[in-house]
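Participant: missing the sequence, but the structure's below:
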DNA sequence: GTGAAAGCGCTAACAC
DNA sequence: GTGTTAGCGCTTTCAC
């Protein structure tokens, strides 16, 4: 491997001068700079980022932690994160928690021992007081999840309003018996959705029914299962907020197979506006989330803190959402 | 930040001894080891991986390069890679090429300047002779793509055989006019599929028709477009190998909307066995690929080269595939 | 404009 | 079992 010292020797200058060229410092004479650059080229020199990182105490790397990578929502989020990071000369290290708090803590450990400069949490598995102590090691930002008191930037969208819009749409379509699906009960974002759901019902003097609340809604298979549960109910909802396009697709598929007409017997609203919404029959009414932008914006914020060495502070950033009406309602 | 020297001073030992404890070396007395561990705990010490990496000249990081992250195939591949890497104490840096050779070359640059220890290519955008010189900086493995001469491990599955099986299935169903979709023409894996397709036709004395070959098949939207193209043909195929479940789903949706019966008017075979296959109407016959295993296996191979410092050699590893027959054929 | 020298935090010969 | 010492490749004072 070529080192800075070799270049220096060949060019008859000090390592300092070579380093200056490497870092685009001024105060290097034009001739020397050009000669050094030429020799670097000839020797196929590449500075060791291992040494640079060590010296500058920076990794130029951020970590993104998400529950699982192959969920289309998180895949898109990571795409956005990766895009914005590379544009700003940061690398992205990926971690999956599989909804396990321990794995999330492992990521925090990587912040502590300087494997990454900052962390983006795409969910929150631990109690906030478990995460909080790690703030002294570097910035941590929350994206796509909410916390009522965490003293960090939270980049998301108005879950309450989005859900309210969706449920209100169902009510306007004449539904009075409306169900609700969520994924994990400890998510405060999911809590906000629930509030939006309840508020929409209350504003129209509708009651909710606990039998119409379904948990653990992540995947198509969960949609199948939830459909089975609905079918078994004596009193069935006529409309459903699914919180997730995969779940919506699963319910639609299974219900149709069982002979239930969608949306006539059961109207379905998804969430996220994934591409799957376009290929089911009927197509899925959903909430469009600017997922890529969510990821990109979070990186921009993170880098702001990284570069300016600002003290992290609570900052709620909400991106807009939009109700996309299709055939399932 | 606490450093090793502080621990050493407090414990009245040398840095070496502390380092030995850190690295689980033998030959440290039980008492000292325990005392050192205790002090580390008390001071909340975490070794700087920046310093360790620099010292050992290892990043404990591998790069995975894929065209785009939010394609379900690559999302799953990355999931497998991430899983296996973490299990072996390696971190994963992700890069998207967006089918641009320059971006792929940037990843190679990160190998050169020691930002990663090795690279997994989930596709191949550059000519092999452009990639090859980077082998001197670290191992590069090819996954899910093929190259006829590259001197590196290639982890994939038998694209020829998988396609042959799928097309043969269509022929057995009585089809004689069969079309073929591909994504990029420069991919040798896609070339192998084409050969499998042609072989299956030839084995049954069927001719192929250039009008029934469709390129740039990546997404649902491409499926819509290809369907439009088919509809315009005077002589239409009665069956189609789509090479991709998204494309299959798009074609099915669009064709159905236009009044064509699937599979009666047009039989469709997908590829990858993504979850979308279960929610379209009809459900999609496809080729099941062990995608996660593909990613995991590639990491295992890569780490073997990393740990044992072996010379990289050409090694074709093929995982099994399976034809999944559903309603679209 | 340029260079000498120190040092980032850790690991690994080598000596004892 | 333990310590001494050197040094990984680079950046950064500071002096000239």
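Facilitator: Done, it's in. For clarity, every value in this text was computed on a predicted model and none was experimentally measured.
Participant: Pretty sure residue A:122 sits against residue A:143.
Facilitator: Yes: contact between residue A:122 and residue A:143 holds when scored by Cβ atoms under 8 Å: they sit 5.5 Å apart. Every residue, glycine included, has its C-beta placed from N, CA and C.
Participant: Touching both of these two, which residues are there?
Facilitator: With contacts taken as Cβ atoms under 8 Å, 6 or more residues apart in numbering or on different chains, the residues that reach both residue A:122 and residue A:143 are residue A:77.
Participant: all strands of chain A, in order?
Facilitator: Counting by DSSP state E, chain A has strands at residues A:61-66, A:91-96, A:118-121, A:140-143, A:153-157, A:178-181, A:213-214, A:239-241, A:267-269, A:286-288, A:315-319, A:322-324.
Participant: Parallel or antiparallel, which strands does the shortest one pair with?
Facilitator: This means strand A:213-214. In its sheet, strand A:213-214 lies beside strand A:178-181 (parallel), with partners assigned from DSSP bridges.
Participant: now the strand it pairs with: how far from the chain's centre is it?
Facilitator: For strand A:178-181, the distance from its own C-alpha centre to the chain's C-alpha centre is 24 Å (Cα atoms, centre = their mean, to the nearest Å).
Participant: Provide the contact partners of it at residue level.
Facilitator: Contacts to strand A:178-181, defined as Cβ under 8 Å, 6+ apart, come from residues A:167, A:170-171, A:193-194, A:197, A:201, A:206, A:208-209, A:212-215, A:217, A:226, A:230, A:237-244, A:247.
Participant: rerun at 7 Å
Facilitator: Residues outside strand A:178-181 that contact it (Cβ atoms under 7 Å, 6 or more residues apart in numbering or on different chains): A:167, A:170, A:194, A:197, A:201, A:212-214, A:217, A:226, A:237, A:239-243, A:247.
Participant: Point out the residues in the stretch 1-150 of chain A that sit beside DNA strand C.
Facilitator: Contact residues of the stretch 1-150 of chain A with respect to DNA strand C, defined by Cβ under 7 Å from any atom of the strand, are listed as A:12-17, A:20, A:27-29, A:32, A:54-55, A:57.
Participant: Filter those residues down to just the ones in helices.
Facilitator: Among these, the subset assigned to helices under DSSP state H consists of A:15, A:16, A:17, A:20, A:32, A:54, A:55.
Participant: From what I see, the fifth one and residue A:17 are in contact.
Facilitator: Yes: counting by Cβ atoms under 7 Å, residue A:17 is a contact partner of residue A:32 at 6.3 Å.
Participant: For these two, indicate the residue with more neighbours.
Facilitator: Shown here are residue A:32 and residue A:17; by other Cβ atoms under 10 Å in any protein chain shown, residue A:17 has more neighbours (21 against 16).
Participant: Quick check on the residue in the stretch 101-250 of chain A positioned nearest to DNA strand D: phi, psi?
Facilitator: Nearest residue of the stretch 101-250 of chain A to DNA strand D: residue A:114, at 14.1 Å (Cβ to the nearest atom of the strand). Phi and psi for residue A:114, reported as degrees, to the nearest 10, are phi 60, psi 40.
Participant: And the ones in helices among the residues of the stretch 1-150 of chain A next to DNA strand C, which two are furthest apart?
Facilitator: A:32 and A:54 (26.6 Å; Cβ to Cβ).
Participant: per-residue confidence at residue A:162?
Facilitator: With respect to pLDDT, residue A:162 has a value of 98.
Participant: For it, list the residues it contacts.
Facilitator: The neighbourhood of residue A:162, defined by Cβ under 7 Å, 6+ apart, consists of A:287, A:321.
Participant: Over to residue A:223?
Facilitator: By Cβ under 7 Å, 6+ apart, residue A:223 lies in contact with A:246, A:247, A:248, A:249, A:250, A:251, A:254.
Participant: and the second one, how many neighbours?
Facilitator: Applying other Cβ under 10 Å, we find 30 residues neighbouring residue A:247.
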